[in-house]
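> Structure of the sequence below:
(2 chains)
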2 protein chains.
Amino acid sequence: MRQSNLFGRTLREAPTDATTPGTQLMLRAAIARPLAAGLYTWLPLGFRVARKVEQIIREEQDRIGAQEIRIPVITPAEYWKETGRWDTLEPVTFRTKDHGGREYMIGYTHEELVMHHARNEILSYRQLPAMVYHFQEKGRDEERPRAGLLRVREFVMKDAYSIDRDWEGLDKQYWAQHGAYAKTFARLGLKTESVESDTGNMGGDVAHEFQVLSDAGEDRLIFCSNGDYSANMEKATRALPPAAAAPRDVPARSEIATPGVSSIEALGKSLGVTAPDLLKTLLIRDAAGTVYAVVMPGDRELNEPKMRKLLKTSDVKFANEADFAAAKSVAGYAGPIGLSDKIRVLVDASVENRAYVAGANKKDAHLRDVLPGRDFSGERVDAHDVREGDACPKCGGTLTIKRGIEVGNIFKFGPYYADKMHGTYLDEDGTRKPLMFGSYGIGVGRAVQTIIETSRDDKGIIWPLAVAPFHAHVIGLFGKDETVRTAADALVAELERAGVEVLYDDREDTAGVKFADADLIGIPFRLTVSARTQKENAVELKGRTEEKGLMIPRGEIVAKVRGMLGDRRG
Amino acid sequence: MRQSNLFGRTLREAPTDATTPGTQLMLRAAIARPLAAGLYTWLPLGFRVARKVEQIIREEQDRIGAQEIRIPVITPAEYWKETGRWDTLEPVTFRTKDHGGREYMIGYTHEELVMHHARNEILSYRQLPAMVYHFQEKGRDEERPRAGLLRVREFVMKDAYSIDRDWEGLDKQYWAQHGAYAKTFARLGLKTESVESDTGNMGGDVAHEFQVLSDAGEDRLIFCSNGDYSANMEKATRALPPAAAAPRDVPARSEIATPGVSSIEALGKSLGVTAPDLLKTLLIRDAAGTVYAVVMPGDRELNEPKMRKLLKTSDVKFANEADFAAAKSVAGYAGPIGLSDKIRVLVDASVENRAYVAGANKKDAHLRDVLPGRDFSGERVDAHDVREGDACPKCGGTLTIKRGIEVGNIFKFGPYYADKMHGTYLDEDGTRKPLMFGSYGIGVGRAVQTIIETSRDDKGIIWPLAVAPFHAHVIGLFGKDETVRTAADALVAELERAGVEVLYDDREDTAGVKFADADLIGIPFRLTVSARTQKENAVELKGRTEEKGLMIPRGEIVAKVRGMLGDRRG
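Okay, the predicted model is just below:
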């Protein structure tokens, strides 16, 4: 393709709101352009990458026997209502109505639709196992789209769905997908870690995420230093220290005046104790408006996804003023003692058998020598964030935290969807049984952006050969010499006949502009044709990551490039 | 692929609401399944066809230098508001809002979005001409989805957009697309006619449709018997007979009592005259509520698309009771004489210089001897449907009407979009000029359904090789003989190694069921392996349209099939 004719121009400077290095390069190299916050159009260069990514994903899905289908973007409300997700997904989805008043969701995902087709198409155990997938746009009304294509409001996802007779079959297809994902990401040039993850609003219990470590990521991942445990912070647990016996020498609790001191930090400072000696009591409300108290040490953070899962709710917020009044408490001075009987008290697993300072549920007052068990009780839960240095739940080793980008996720639902949607088949024994279900997602645009985030230098993108928009970038430095242009034209034609994908910079620009664009766009091999190379009857060949080019005789260059594609492709 | 494992089952009977023969076969053969009215999921067999159709379209677009991009489905209102189509497209589009209240349309088409990108990316004449395309879902809130995939509410369209310096460049790219379309449809096995068409809500003046003649179509097409004129009824004109001189011997008009006689038929019968002697006066209102009177001979039909175009409105309806009162007329007795001065009177070009019977604008009365010009006047317009037997506007030959399915359309807009959206480039002479624009659409699903409608027999679909879901259908008739299954397995493996796409019927069903399914699904070559063929060390090969199969020696069959693919592919 001639660059003079390429739709989409490179930019000298990235827009100021491009927050990650990869986002800046993505925009500067004309990979995609925003239409609005979180809505991007692929330009030709980017779309070539997206199609190669899509094809690699497709090949690995086909290899494990998944069959490609295509479900609409506009999905009728009735199916989502069968599982209850019409309501729970409302805050994060786009809705529409037709002129007859019927309601639709722009597919957030497609579990309900696949289960609907499966219950109609699959009558007998003879038709199982089954696995289908599609590439389709998803709509997600993200509150905060960020980092280019990493978190957007519309994107193409490859979502696959497995349908099985029993847990054993599901397990087999789940791990087949796990293997296909590992191969897919390796072919894309992405180094992934598979970590245990929360199932969130998807339902079911078992899930894994494929994470690429990167500071551009927004996920916090927990890894054991011994390598035997990894999990998303949303789900990660830790080995608790052995419980100490309840101490017998703690004095009776007593009230202390703490006028105007309502934060953990201020309280610690004012009483001369540290955060671990303080109990914080968080009043929270679920999506239905029910209020709970969560009691945890002052130095631990509440883990919202764990709470959502625990309370079986789509949303957890801090309580409002009216909630505090109803709970007989006061914001800034909440404590586990003296709350209204109607409030369910949850005590985090990190609360130990020792004396704490806690809020007194009245303004300007705290209580000293509050002893769990003796002074208050509540349901024990795991509600806290794991942190750096905690003990591994598997081996007791040391946990560390890293940032990651989730490039794929897989979910093992079991009968969860079948139960809600009456999805059954006739088994060999003549009884009807639920269709066991799993789902498996990869976002195409996020994969592309992740490749850029993790494969770049300060000059531009460094595309892995398997997904590069073109194999070779031919740079013509014509000057006033028409024979150089003729030679470059001929080289491009010969390369293309040999099956090499070529971007041909035929523009009337300086060498400086052209080389800078070549580095920015990041095509693996740069071939320069100039008056100088013509004099030597050669072409200058330079790999994107190499410092200097090499003069290759004109007669050898095409075979040379072909050879490098063969060596390094796929 | 093993048929035992294929997702989607064939149906003995088509659902009763499948109105066209092709729709019945499409559903029975498990090509696609409805989720709701006008919303279909491609099942694996159908999706394989859709992908091949898409790839053929892509190759022909690439061949004329179009570059593939991808624009979102969710499109911000702001761009549509620049052209006014946010309002005019409201009745036929799906809308959504995000949780911040911002409005979006599910793309009905993508002109505004491409023009937006073009005005940002294209700064100089050096970057022109440009041509981009994408395959993307479109949402259209059709009042009456019909005929399977022919008229749906969501479908993937290939829409291409040309951007040029001037009319000459636009003309060149327009005809390049015209040529690409002709090649594309020929490769798809579709015999198309290119006809002049109305631009409807797209804007601009020049447009062509590619039509496939079929009774399943809903478009009425006009063809000249001499082959020099073809047009959609929405746009078709005719040569009018030479105007006669105004007759001088027509008596003054006189009122006649016609109690209870308000239809053209009843009036003709009661007065003993025929429809051509009667004038009908239609009161219509445009989308803004303005009322017009259209006067035409009693035997001619009003052409709504022509009226919409003429009145520059998105919608034309018959007037309501209040409109009649305001016009000083009466429903059933409207006529051109005595209407309120405020009503614009449009006189159709078919009204001749002779005496007519017309309504008197009062109940139970008509006027005799109404002479156009003498008794009333109005703006002359072309408002009527052409009909069978009319004269060709080019050569005077005889026009005929046929039904067609529109499988592609192309539009030459010129500066229409650039003017509304301030899309300009800097020309060589230093001045800013409008980006000349054209757009070019093909619906993938409609193309697939049209192939089915026009390539079938009473047993099933007859896929052209280039788009068939598989090349060969291997039927294993195993009985109790395990060696037959082993032989069929080996044949399938050998064919697949040779690059033949095989659907393998490995199910435990009777020969009758399997052959019926093979005819229904319509794969070009059927290869049967049975105890009988094994005895002869042969395979039975039958083309889908052949009556009888031939026994081919086992050692020759793979080369034979390969040869037929080479001969007949693409």
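> rest of the way, CA atoms for contacts and neighbours
Noted.
> What's the local residue count around A:G479?
By other C-alpha atoms under 10 Å in any protein chain shown, 14 other residues sit near A:G479.
> distance of it from A:P553?
The gap separating A:G479 from A:P553 is 22 Å, by C-alpha to C-alpha, to the nearest Å.
> show me what contacts the residue nearest to the spatial centre of chain A?
Central residue of chain A (C-alpha atoms, centre = their mean): A:E406, 2.9 Å from the mean position. Residues counted as contacts of A:E406 (C-alpha atoms under 8 Å, 6 or more residues apart in numbering or on different chains) are A:209-212, A:217, A:219.
> let's go with 10 Å and repeat that
A:150, A:192-195, A:209-213, A:217-219, A:232, A:442-443, A:446-447, A:450 (C-alpha atoms under 10 Å, 6 or more residues apart in numbering or on different chains).
> Check A:E143 too.
A:37-38, A:91-92, A:152-153, B:98-100.
> Just the buried residues of those residues.
Neighbour-count burial (16 or more other C-alpha atoms under 10 Å in any protein chain shown) is assigned, among the contacts of A:E143, to A:38, A:92, A:152-153, B:98.
> from the stretch 151-300 of chain A, which residue is nearest to chain B?
Using C-alpha to the nearest C-alpha, the single residue of the stretch 151-300 of chain A nearest to chain B is A:E154, 6.9 Å away.
> Turn the buried ones among the contacts of A:E143 into a markdown table, including secondary structure.
Output for those, formatted as a markdown table (DSSP: H, G, I helix; E, B strand; the rest coil):
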| residue | secondary structure |
| --- | --- |
| A:G38 | coil |
| A:V92 | helix |
| A:V152 | coil |
| A:R153 | coil |
| B:D98 | coil |
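> In a markdown table: these, plus pLDDT and distance to B:Y104.
Below are the buried ones among the contacts of A:E143 laid out as a markdown table (pLDDT from 0 to 100; distance: C-alpha to C-alpha, whole Å):
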| residue | pLDDT | distance to B:Y104 |
| --- | --- | --- |
| A:G38 | 95 | 13 |
| A:V92 | 93 | 15 |
| A:V152 | 96 | 15 |
| A:R153 | 97 | 12 |
| B:D98 | 96 | 8 |
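> Going by distance to A:A182, which of those wins?
Nearest to A:A182 among those is A:V152, at 24.1 Å by C-alpha to C-alpha.
> From what I see, that closest one and A:R446 are in contact.
Yes - using C-alpha atoms under 10 Å, A:V152 is in contact with A:R446, at 8.8 Å.
> and whichever residue of the stretch 51-200 of chain A sits closest to chain B, how many neighbours?
Closest residue of the stretch 51-200 of chain A to chain B, C-alpha to the nearest C-alpha: A:I71 (4.4 Å). Residues near A:I71, counting by other C-alpha under 10 Å, number 25.
> if I read this right, it contacts A:M157, doesn't it?
No - applying C-alpha under 10 Å, one finds A:I71 not in contact with A:M157, separated by 11.9 Å.
> hey, what's in contact with both of these two?
A:133-137.
> now A:G22: how far from A:R220?
19 Å.
> neighbour-wise, which of those two wins?
In this view A:G22 and A:R220 are compared by other C-alpha under 10 Å, and A:G22 has more residues nearby, 27 against 18.
> Quote the end-to-end distance of stretch A:409-422.
Termini of stretch A:409-422 sit 25 Å apart (C-alpha to C-alpha).
> Return the set of buried residues in that stretch.
A:409-419, A:421-422.
> repeat for stretch A:258-275
So for stretch A:258-275, counting by 16+ other C-alpha under 10 Å, buried means A:258, A:261-262, A:264, A:267-268, A:275.
> Show me which of those is closest to B:N226.
A:I264 (91.9 Å).
> And the pLDDT at the closest one?
pLDDT recorded at A:I264 is 80.
> Then A:S225?
The predicted local confidence for A:S225 is 92.
> where's it relative to A:H208, distance?
20 Å.
> Which of the two has more residues huddled nearby?
A count of neighbours by other C-alpha under 10 Å puts A:H208 above the other of A:S225 and A:H208, at 21 against 17.
> Looks like A:D348 contacts A:P336 (just checking).
No - at 11.9 Å, A:D348 does not count as touching A:P336 under the criterion of C-alpha under 10 Å.
> Looking at these two, which is more packed in?
For the pair A:D348 and A:P336, the greater number of neighbours falls to A:P336 (27 against 20), based on other C-alpha under 10 Å.
> Check which helices and strands the helix or strand bottoming out on mean pLDDT in chain A sits against.
Lowest by mean pLDDT, DSSP states H and E among the helices and strands of chain A is helix A:264-271, with a mean of 82. Packing partners of helix A:264-271 (3 or more C-alpha pairs under 10 Å, 6 or more residues apart in numbering or on different chains; DSSP states H and E): strand A:356-359.
> Using PDB, write down the CA coordinates of the strand it packs on.
Presented in PDB, the C-alpha positions along strand A:356-359 are these (Å, rounded to 0.1, in the frame of the first residue of the first chain):
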ATOM      1  CA  TYR A 356      -8.700  -2.200  70.100                       C
ATOM      2  CA  VAL A 357      -9.900   1.400  70.100                       C
ATOM      3  CA  ALA A 358     -13.200   1.700  68.400                       C
ATOM      4  CA  GLY A 359     -15.900   4.300  67.700                       C
END
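> for it, packing partners?
If you count contacts as 3+ C-alpha pairs under 10 Å, 6+ apart, strand A:356-359 packs onto strand A:254-257, helix A:264-271, strand A:279-286, strand A:291-297, strand A:365-370.
> For chain B, what's its nearest residue on the stretch 451-570 of chain A.
For the stretch 451-570 of chain A, C-alpha to the nearest C-alpha, closest residue to chain B: A:R507, 9.1 Å.
> how many other residues sit next to that residue?
17.
> filter the shared contacts of A:I71 and A:M157 down to the ones close to chain B.
A:133-134, A:136-137 (C-alpha under 10 Å from any C-alpha of the partner chain).
> Just after the longest strand along chain A, pick out the following helix or strand.
Looking across chain A with DSSP state E, the single longest strand is strand A:399-414. Following the chain from strand A:399-414 toward its C-terminal end, the next helix or strand by DSSP states H and E is helix A:416-421.
> residues making contact with that following helix?
Residues contacting helix A:416-421 (C-alpha under 10 Å, 6+ apart): A:79-84, A:111-112, A:115-116, A:118-119, A:163, A:202-205, A:415, A:423-424, A:433-438.
> Among these, which ones are in helices?
A:79-83, A:111-112, A:115-116, A:118-119 (DSSP state H).
> Just send the buried residues of stretch A:409-422 back as a markdown table, with pLDDT too.
Below are the buried residues of stretch A:409-422 laid out as a markdown table (pLDDT from 0 to 100):
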| residue | pLDDT |
| --- | --- |
| A:N409 | 95 |
| A:I410 | 95 |
| A:F411 | 94 |
| A:K412 | 94 |
| A:F413 | 93 |
| A:G414 | 94 |
| A:P415 | 95 |
| A:Y416 | 93 |
| A:Y417 | 96 |
| A:A418 | 96 |
| A:D419 | 96 |
| A:M421 | 97 |
| A:H422 | 96 |
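> Find the residue ranges of chain A scoring beneath the pLDDT cut-off.
Along chain A, segments meeting pLDDT under 70 span A:199-204, A:567-570.
> A:E301: what's it in contact with?
Contacts of A:E301 (C-alpha under 10 Å, 6+ apart): A:280, A:383-387.
> Okay, and which of the residues you listed map to strands?
A:K280.
> near chain B, from the contacts of helix A:416-421?
Answer for the contacts of helix A:416-421 near chain B (C-alpha under 10 Å from any C-alpha): A:79, A:116, A:118.
> Closest one of the residues you listed to A:T528?
Checking these against A:T528 with C-alpha to C-alpha, the nearest one is A:A118 at 55.3 Å.
> give the contact list for that closest one.
A:112, A:130, A:132, A:163, A:418, A:423-425, A:435, B:7-8.
> circling back: what two of the shared contacts of A:I71 and A:M157 are the furthest from one another?
Most distant of the shared contacts of A:I71 and A:M157, by C-alpha to C-alpha, are A:Y133 and A:E137, 13.0 Å apart.
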